[in-house]
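S.K.: give the three-dimensional model of this entry:
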Amino acid sequence: MMLVTIQHDQHVDIHPLRLVYPTRCTKEYSKLLEKDLRCSGQLLPICILQGKILDGVKRLCILQRLGKTCLANTVDWTERQAALYLLHSNSQQRFV
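M.R.: Predicted coordinates for the structure are as follows:
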């Protein structure tokens, strides 16, 4: 795993596995996330696999809209490992 930064004007595609698992995309959730990122900054890096966003699409979009750089962990996982990560992270979000 390697920590990198993504600039506010840099485009990064979404990994195809990310599209398999739905994300929270309500306006209320986006507003809450934006308020949190403004107040606390980015506490959790987004996850990049094969040069594409695996996790953290909303965080990246909001940080870029705010003109801030985004921290990202690049991972070298198999598709199975990535799918398990997404399953785990999504199940955690649903019960918080």
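
S.K.: ok, and for stretch 12-20, which residues are buried?
M.R.: If you call a residue buried by 16 or more other CB atoms under 10 Å, then stretch 12-20 has these buried ones: V12, H15, L17, R18. All C-beta spots, glycine's among them, are computed from the backbone N, C-alpha and C.

S.K.: any idea how far the last one lies from S40?
M.R.: Right, R18. As for R18, its distance to S40 is 24 Å (criterion: CB to CB, to the nearest Å).

S.K.: state the mean pLDDT of stretch 50-60.
M.R.: The pLDDT scores in stretch 50-60 average 94.

S.K.: shaky segments in the protein?
M.R.: The chain contains residues with pLDDT under 70 at 22-25, 91-96.

S.K.: quick one: the helices in it, in order.
M.R.: Along the chain, counting by DSSP state H, helices occupy 16-20, 27-40, 57-65, 79-94.

S.K.: can you pull the contacts of the spatially most central residue of the chain?
M.R.: With distances taken as CA atoms, centre = their mean, G56 lies nearest the centre of the chain, 0.7 Å away. Neighbour list for G56: L44, P45, I46, C47, C70, A72 [criterion: CB atoms under 8 Å, 6 or more residues apart in numbering].

S.K.: show me what the fourth one bridges to in the sheet.
M.R.: For C47, the beta-bridge assignment (DSSP bridges) gives partners D55, N73.

S.K.: just checking, it touches Y85?
M.R.: Yes: using CB atoms under 8 Å, C47 is in contact with Y85, at 7.3 Å.

S.K.: list the residues that contact both of these two?
M.R.: Joint contacts of C47 and Y85 (CB under 8 Å, 6+ apart) are L54, D55.

S.K.: between the two, who's got more neighbours?
M.R.: C47 (22 against 17; other CB atoms under 10 Å).

S.K.: quick one: contacts for the more buried one?
M.R.: I53, L54, D55, G56, A72, N73, V75, Y85.
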